[in-house]
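S.K.: heads up, no residue letters with this:
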């Protein structure tokens, strides 16, 4: 049964939220969610790439021969990733410094290629736009949640674009749980959140 | 055959399109990116090292050709004299390249200050090389040494505890800086004179 346009958008927010339900694109999820800001920045960059590559792929879907479709997808995705890289260098340089290599690595993020292959190549432009936007926002939310958890436990502070700053959330005697900032902490956090999602979603 | 041609045409057109798009965006953002790099990466380090200079070191800079590589030196004027240069070199850290800015007084070959500019070190461990000023200030006011090595390697540099690899990267960068400085000193001094 075809989904309605609203469902196309909202499925990315819960039913198919990438890191938890599809368990895709884990590399940036684990690597950049040291802080909330990084998580949101990465999410927004990925959303940008998802939306534009979905639009372009779906508008070219009748022209692209199926034998070279993957090459075409990668070409389109890589183009938008470099656009994001250049723009983030020009306008949000501090964030670019923090995300570093993970912006170029969006090219090989299987969520993006997966959406092109599984969705945009088969459906219309507007539907693909909604799909990209939904999945992108879901990805951003997941990264933000993970980033918040790790930043709060790992450093006791929470910063949102320097405007909102919470320091010493657990009082001055709190000893930061540094483990959470490092890579193993990311795995543990992700595992616990996956577990929580499955418990919540259990019928 | 028809399909072959179609594949080639589609890929070519798409590549040309993306190439054109990227070139356009790159051209229009180039200036802004250069400015941002100067402002966020090198700028703060230069200002801290050349603190108290009477000029703006980000504006006064000179370029020296080092066997085909353009090296950029930022000039600091103290006591009315352009006698200090700051420049950046790189070492290998724990997580990747490590940029180190060093300020040298050309009259006495003395280090004015050292700062880490770019790094991808672990937060709270190697990243302290940038934030922990006790570590970089150990070089202040010292005569530029022949080479730098951390104490565990038999050198003179106090390593950051738990971050020996990072400290080693900083030491390599400083050794490089010394070599480059000694090699280019005549050219630098010449240009400093005309910069006045």
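M.R.: Thanks, I have it. All values reported here derive from a predicted model rather than from experimental measurement. Numbering: from 1, shown residues only, chains lettered A, B, ... in the order given.
S.K.: surely residue B:50 and residue B:59 touch.
M.R.: No - Residue B:50 lies out of contact with residue B:59 (C-beta atoms under 8 Å); the separation is 12.0 Å. Bear in mind the C-beta positions are built from the backbone N, C-alpha and C, glycine included.
S.K.: touching chain B at all, stretch A:60-68?
M.R.: Yes - against chain B, stretch A:60-68 shows contacts by C-beta under 8 Å from any C-beta of the partner chain at A:60, A:63-65, A:67-68.
S.K.: among these, name the buried ones.
M.R.: A:60, A:64, A:68 (16 or more other C-beta atoms under 10 Å in any protein chain shown).
S.K.: which helix runs longest in the chain?
M.R.: Picked chain A for this. helix A:125-155 (DSSP state H).
S.K.: you answered for a different chain; I wanted chain B.
M.R.: helix B:2-36.
S.K.: show me the shaky parts of the chain.
M.R.: In the absence of a named chain, chain A is used. A:1-2, A:162, A:203 (pLDDT under 70).
S.K.: chain B is the one I meant
M.R.: If you take pLDDT under 70 as the line, chain B has these spans: B:195-196.
S.K.: need the residues of chain B near chain A, please.
M.R.: B:3, B:6-7, B:10-11, B:14-15, B:18, B:21-22, B:25-26, B:29, B:32-33, B:36-37, B:39-41, B:96, B:118, B:120, B:122-124.
S.K.: helix or strand: which one has residue B:115?
M.R.: strand B:110-116 (DSSP states H and E).
S.K.: packing partners of that strand?
M.R.: Contacts defined by 3 or more C-beta pairs under 8 Å, 6 or more residues apart in numbering or on different chains; DSSP states H and E place strand B:110-116 against helix B:43-49, strand B:97-105, helix B:128-131, helix B:133-136, helix B:164-195.
S.K.: in the fourth one, what counts as buried?
M.R.: Same thing as helix B:133-136. Applying 16+ other C-beta under 10 Å to helix B:133-136 flags B:135-136 as buried.
S.K.: show residues contacting that helix.
M.R.: Outside helix B:133-136, the residues that touch it by C-beta atoms under 8 Å, 6 or more residues apart in numbering or on different chains are B:113-116, B:128-129, B:158, B:160, B:167, B:170.
S.K.: for the second one, same thing?
M.R.: By C-beta under 8 Å, 6+ apart, the list of residues contacting strand B:97-105 from outside reads B:41-42, B:45-46, B:49-50, B:76, B:83-92, B:110-121, B:129, B:139, B:144, B:166, B:169-170, B:173-174, B:177, B:181.
S.K.: helices and strands around the strand of greatest length in chain B, which ones?
M.R.: Using DSSP state E, we find that the single longest strand of chain B is strand B:81-92. The helices and strands touching strand B:81-92, judged by 3+ C-beta pairs under 8 Å, 6+ apart, are helix B:43-49, strand B:69-78, strand B:97-105, helix B:164-195.
S.K.: can you do 7 Å?
M.R.: When contacts are defined as 3 or more C-beta pairs under 7 Å, 6 or more residues apart in numbering or on different chains; DSSP states H and E, strand B:81-92 packs onto strand B:69-78, strand B:97-105, helix B:164-195.
S.K.: partners of that strand in the sheet?
M.R.: strand B:69-78 (antiparallel), strand B:97-105 (antiparallel) (DSSP bridges).
S.K.: tilt between it and helix B:164-195?
M.R.: 150 degrees (axes from the mean of the first three to the mean of the last three C-alpha atoms, to 10 degrees).
S.K.: next, the buried residues of strand B:81-92.
M.R.: B:82-91.
S.K.: give me the contact list for that strand.
M.R.: B:42, B:46, B:49-50, B:57, B:71-76, B:78, B:97-107, B:112, B:117, B:169-170, B:172-173, B:176-177, B:180, B:188, B:192, B:195-196 (C-beta atoms under 7 Å, 6 or more residues apart in numbering or on different chains).
S.K.: get me the contact residues on chain A for chain B.
M.R.: Within chain A, the positions near chain B by C-beta under 7 Å from any C-beta of the partner chain are A:34, A:63-65, A:67-68, A:71-72, A:75, A:79, A:82-83, A:86-87, A:89-90, A:93-94, A:97, A:100, A:178, A:181-182.
S.K.: and for residue A:19, the neighbour number?
M.R.: Other residues within reach of residue A:19, judged by other C-beta atoms under 10 Å in any protein chain shown, total 25.
S.K.: correction: the previous question concerned residue A:164.
M.R.: 9.
S.K.: quick one: contacts for the closest residue to it other than its chain neighbours?
M.R.: With C-beta to C-beta, 6 or more residues apart in numbering or on different chains as the criterion, residue A:164 has its nearest non-adjacent residue at 7.8 Å, and that residue is residue A:158. By C-beta under 7 Å, 6+ apart, residue A:158 lies in contact with A:36, A:148, A:151-152, A:166, A:169.
S.K.: of the residues you listed, just the buried ones, ChimeraX syntax please.
M.R.: Of these, the buried ones can be selected in ChimeraX as follows, counting by 16+ other C-beta under 10 Å:
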select /A:36,148,151,152
